[in-house]
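> Sequence first, predicted model second:
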Amino acid sequence: MIIKPEPTIKDLSFIIDNSGLKPNDLLNMYKRMVTIRYFEEEIRKVYHEGKNPFNMASGIIRGEMHLAIGQEAVAVGSLYNVRVDDVVISTHRPHHHAIAKGVDLKKLAAEIFGKATGLCRGKGGHMHLFDKEKNFACSGIVGASFPQAAGAAFAFKYLNKDNVAFAFAGEGAANHGTFSETLNIASAWELPLIIVIEDNKYADSTPKSLVMSTTFHYQRGLAYNVPSYLVDGMDVIDVYITTKKAVERGRRGFGPTLIEAITYRYVGHFEGDGEEYRTKDEVEFWSQVDPIRRLENRLLKLNFADSEMLAKLREEARREVQEAIDFAIKSPYPSPEEALRGVFA
């Protein structure tokens, strides 16, 4: 567990000044994190409608649902300064990355609801999101983000572009062969690839300590001559500072970077998860370092905002989320003919 103690106001001011972040940047980060939290909390409510007793095949939203409540700082801190033409490849837990990349909330919600107005016209669902305009994609295949993002990074280098590609994955996915294979070739070819491992302690229900020979994945990155860092994934500023360096390195042609962010999800691996593998005390402990509340307290202490301003930002986020949910609910389902479109013969 790598959670840094809260810095003094003086030290915090020094850190922020040296990061290049302005008060408005931190307020924007706060708004994005709150938007992600509200979006997933609302999706969670709707998902469980009509599922008592629990049956993932019933209800308004069917199938599995993987939420990232608690992991907002990793997505927002990592992607705060990326460009639209940079590529982001996410996982089966993709909502926070999608929103941080700027994917439209209404289209995102509609896709999760399986509606024709969704990102993929309702065909992909929550684990298979794709937004060509924002250069965002994800996959339900564990470990798939590594080679996919490496492919984008290779294209950028081949075309002599100064873009970067992000691959997000959990600590469980980093035990797949694609992780090592991608690290090796990205290092050998100096690809502008940034791998972000969201280490939330569990691969599904398996504690990482039971299946890892090393304590951290960033140690593996060092073995491939890839600059690798361990950051506090519950601290959006810490994530931002390290990722900013990685992005600058990639844009200048110096190759890949690996970042391992220690974070925590406050809900189960999937909705319906009994969570027998962890204790209530553990969840309560991690709730004390909630990334949103942490940033909120800092904004207040630094006089970057008052309670009224933060309440206004939260209300704006809540309204945008509700508008997206309402849009999704009112949108039509795809027509039967849609099943034959976009299919390769």
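All right, it came through fine.

> can you give me the strands for the stretch 101-250 of the chain?
With DSSP state E, counting those that start in this stretch, the ranges of strands along the stretch 101-250 of the chain come out as 130-131, 136-137, 165-170, 193-199, 202-203, 206-207, 228-232.

> Could you report the pLDDT at residue 250?
According to the prediction, residue 250 has pLDDT 98.

> The spatially closest residue to it that is not a sequence neighbour and residue 149, how far apart?
Spatial nearest neighbour of residue 250, chain neighbours left out: residue 192 (3.5 Å); criterion: CB to CB, 6 or more residues apart in numbering. Every residue, glycine included, has its C-beta placed from N, CA and C. Distance of residue 192 to residue 149, given as CB to CB, to the nearest Å: 10 Å.

> re earlier: now the strands of the stretch 101-250 of the chain in JSON lines, with mean pLDDT and distance to residue 37?
Formatted as JSON lines, those follow (pLDDT from 0 to 100; distance: least, CB to CB, whole Å):
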{"stretch": "strand 130-131", "mean pLDDT": "97", "distance to residue 37": "21"}
{"stretch": "strand 136-137", "mean pLDDT": "98", "distance to residue 37": "19"}
{"stretch": "strand 165-170", "mean pLDDT": "97", "distance to residue 37": "18"}
{"stretch": "strand 193-199", "mean pLDDT": "97", "distance to residue 37": "16"}
{"stretch": "strand 202-203", "mean pLDDT": "90", "distance to residue 37": "20"}
{"stretch": "strand 206-207", "mean pLDDT": "89", "distance to residue 37": "25"}
{"stretch": "strand 228-232", "mean pLDDT": "97", "distance to residue 37": "18"}
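
> could those be laid out in a markdown table, adding distance to residue 74 and mean neighbour count?
Formatted as a markdown table, these follow (distance: least, CB to CB, whole Å; neighbours: other CB atoms under 10 Å):
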| stretch | distance to residue 74 | mean neighbour count |
| --- | --- | --- |
| strand 130-131 | 19 | 18 |
| strand 136-137 | 16 | 25 |
| strand 165-170 | 8 | 29 |
| strand 193-199 | 5 | 28 |
| strand 202-203 | 15 | 20 |
| strand 206-207 | 20 | 14 |
| strand 228-232 | 9 | 22 |
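
> how about the closest residue to residue 140 other than its chain neighbours, what does it touch?
Once flanking residues are discounted, residue 140 sits nearest to residue 127: 3.8 Å by CB to CB, 6+ apart. Applying CB atoms under 8 Å, 6 or more residues apart in numbering to residue 127 gives the contacts 64, 66, 92, 94, 138-140.
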